[in-house]
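> Provided below are the primary sequence and the corresponding predicted coordinates.
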Amino acid sequence: MSNPRSDEADSAAALSATLPNEWWRKAIPSLEWLRNYQGKWLRADIAAGVTLAAYLLPAALADASLAGLPVEAGLYACLFSGLVFWIFCSSRQTAITVTSAISLLIGSSLGAIANGDASRFAVLASSTALLAAAIAFVAWLFRAGAIVKFISETVMTGFKAGVALQLISTQLPKFCGFKGAHGNFWERMDHFIRHIGLTNLPSVAIGLAALALLILGKRFLPNRPVALFVVVGSILAASWMDLGSYGIKMLGEVPRGVPLPTLPAVSWNEVSDLFPLALACFLLGAVESAAIGRMFAQKHGYRLDSNQELLGLAAANLAAGLGKGFPVSGGMSQSLVNESAGARTPLSGLISAILVLFVAMFFSDTLRNLPQPVLAAIVLLAVAGLFKVAELRRLWRNHRGEFIVAIMALAGVLWAGLLKGVLIGAVISLVRLIRRVSTPHVAFLGRIPGTRRYSDLLRHATNEVIPGVLAFRVEAPIVYFNIEHVAETVLGRVDAETPRPRVVICDLSTSPNIDMAGAHLFLNLHAELKKRGVTLRIVEARSKVRDILRLEGVEEQLGRIDRFTTLADAIENHPAIAEDGAGEVESGLVAQNP
């Protein structure tokens with residue numbers, strides 16, 4: 001016969017052993033998919049990794065230049081982040097990389113802090129990556145993955161359009177062969193227009209040739225490493241034809257090898273100055289990575305853990321910062337290349353990082369003859385994916401309010417810069433959210449002809465109005481910041497009715513939550529309606545809502561609130577209505593849930 005205490009001890013020991021294992025499996029998804037990895041996936045992951053590396057290399061160089069950093073910083077960021085991101089991410093196809101938006105954010109924000117010191121600029125960029133990693137880690141600890149949803153798709157559309165224009169303003173001078181200016185979009189474009197006479201025609205020629213090849217490659221060879229062939233071809237042409245003698249600026253020396261991971265030396269004052277920038281980089285990275293992950297999860301039928309992506313971002317930015325890189329995030333175009341090349345698991349990202357390591361160790365010196373107009377052409381082509389003209393047109397045609405929000409986000413980027421533009425976008429999203437939840441739709445209900453169901457009179461003019469009854473529902477939770485709107489709407493409708501209704505009935509089926517202030521709303525409504533000789537009833541409340549209403553004494557004042565009485569029942573059986581016979585339902589009608 002078994003000992004109950006022994007069995008309990010064994011169960012407790014088994015549970016204590018299971019909990020850490022469960023935690024590790026959730027924190028490190030790679031433990032799960034590696035255990036179930038199928039050999040037939042390896043070929044696809046290797047092919048995708050090679051294709052991704054071919055695409056990452058020129059993009060990393062271009063984005064580092066865009067950030068105002070030595071080009072090797074882009075290689076280091078992609079390399080170190082790629083070596084760790086695959087371990088922690090839940091998306092199977094997302095590629096971690098430097099991105100144009102974050103690169104431009106870094107380049108436009110660090111100048112004042114670095115005071116023109118190029119070496120200090122690089123240290124501050126690495127520190128920003130470490131700060132972004134810390135923010136992402138804290139966000140993961142507090143399961144804040146849902147915060148990325150506060151920045152709406154509309155705001156991101158406008159923000160990316162603004163980023164595209166900013167990118168154009170930084171790359172046009174390089175494309176034309178003369179030095180650009182710092183400042184916002186308008187200052188850069190003013191400088192470009194005033195110095196257009198300094199254009200170097202050979203620079204424009206090689207830039208246009210590269211741009212034409214990239215466009216043709218995108219059109220006829222989609223998802224192929226065309227940019228890599230353009231980079232290699234331009235390096236060979238520059239070496240054989242001595243393009244530098246024609247005034248075309250080259251990339252310059254790229255150090256061979258890989259730095260040892262180290263902590264950048266920064267003061268606490270500098271950390272304080274860098275925090276807003278790191279927060280903006282985190283927001284951009286989190287929003288972009290979550291959007292990419294959701295897209296692939298829906299397409300391939302698996303579940304994305306948006307909170308887990310924050311841990312992946314934290315690990316990737318930690319590695320990039322220690323490796324003398326700068327902030328990274330999921331890249332849309334790179335991820336699409338990875339997915340379309342056949343990636344089955346995040347292993348393709350590791351393979352890509354290993355190939356980038358190989359280039360950095362043995363072939364980096366061959367990059368010194370890369371013409372800068374070619375890099376500018378690569379960035380300019382990427383702009384096409386950021387400026388979604390069709391989406392802006394759709395918003396203008398169908399959703400004017402959303403279009404205005406997008407334009408506000410775009411204007412925020414152009415006038416205030418990327419850093420403040422991100423924050424403006426976040427504030428716009430939050431303000432719109434607060435406005436919506438603070439002024440929920442209060443639907444006044446009428447009976448659908450031939451049924452016992454009730455729906456919004458505003459949307460369905462054929463619904464039957466029940467004499468002496470004003471039925472309504474609030475299509476949102478009823479909480480402290482929207483109770484004034486609800487009260488004003490209901491009392492305003494009661495006072496406007498002629499004759500005044502004898503009973504007001506609130507259908508709570510569309511209000512999943514209510515707080516203490518929401519419960520007091522009904523006590524106050526009851527008092528105000530009683531002064532007008534009107535009765536208030538509540539029906540269809542959910543269990544948790546009923547609990548709050550009873551706890552706050554609403555049931556004592558208004559009568560029993562249960563789960564059995566429907567809106568139709570309350571209307572038909574209310575004494576004030578039954579006396580008039582107005583609530584009778586035609587014979588043969590079948591009860592249906594509202």
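Received, thanks.

> can we go C-alpha only for contacts and neighbour counts from here?
Fine.

> So the nearest residue in space to residue 470 that is not next to it in sequence versus residue 547, what's the distance?
Sequence neighbours aside, residue 504 is the residue nearest to residue 470 in space, at 4.8 Å (criterion: CA to CA, 6 or more residues apart in numbering). Residue 504 sits at a distance of 22 Å from residue 547 (criterion: CA to CA, to the nearest Å).

> was I right about the residue nearest to residue 470 contacting residue 469?
Yes. Contact between residue 504 and residue 469 holds when scored by CA atoms under 8 Å: they sit 6.0 Å apart.

> Which SSE is immediately downstream of the helix or strand containing residue 58?
Here residue 58, judged by DSSP states H and E, is contained in helix 39-66. Next helix or strand after helix 39-66 toward the C-terminus (DSSP H and E): helix 71-88.

> Mind jotting down where the helices sit in the stretch 101-250 of the chain?
Assigned by DSSP state H, counting those that start in this stretch, the helices in the stretch 101-250 of the chain fall at 111-114, 118-141, 153-176, 185-194, 201-220, 226-241.

> For residue 533, which of those helices is the nearest?
Of all those, it is helix 153-176 that lies closest to residue 533, at 47.1 Å by CA to CA.

> That closest one vs helix 201-220, what angle?
Orientation note: helix 153-176 sits at an angle of 140 degrees relative to helix 201-220 (axes from the mean of the first three to the mean of the last three CA atoms, to 10 degrees).

> List the buried residues for helix 153-176?
When neighbours are counted by 16 or more other CA atoms under 10 Å, the buried residues of helix 153-176 are found to be 154-176.

> Kindly report the same for stretch 555-562.
555, 561.

> C-alpha coordinates for that stretch, CSV please?
Included here for stretch 555-562 are C-alpha records, laid out as CSV according to Å, rounded to 0.1, in the frame of the first residue of the first chain:
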residue,chain,number,x,y,z
GLU,A,555,-29.0,45.4,-7.5
GLU,A,556,-30.5,46.7,-4.3
GLN,A,557,-31.6,49.9,-6.0
LEU,A,558,-32.6,48.6,-9.5
GLY,A,559,-33.8,45.1,-8.8
ARG,A,560,-32.4,41.7,-9.4
ILE,A,561,-29.8,41.3,-12.2
ASP,A,562,-29.6,37.7,-13.4
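
> how far does it sit from the chain's center?
When C-alpha coordinates are averaged (CA atoms, centre = their mean, to the nearest Å), stretch 555-562 and its chain have centres 44 Å apart.

> Would you mind pulling the contact partners of that stretch?
Under the criterion CA atoms under 8 Å, 6 or more residues apart in numbering, residues 523, 526, 536, 537, 538, 539, 540, 541, 546, 549, 550 lie in contact with stretch 555-562.

> Got phi/psi on residue 537?
phi -130, psi 150 (degrees, to the nearest 10).

> Nearest residue to it in space, please, no chain neighbours.
When the adjacent residues along the chain are set aside, residue 537 lies closest to residue 505, with 4.7 Å between them (CA to CA, 6+ apart).

> quick one: which helix or strand includes residue 471?
In this structure, residue 471 is located in strand 469-474 according to DSSP H and E.

> ranges for the strands of the stretch 401-550 of the chain?
Secondary structure of the stretch 401-550 of the chain (DSSP state E, counting those that start in this stretch): strands at 442-447, 454-456, 469-474, 503-507, 535-539.
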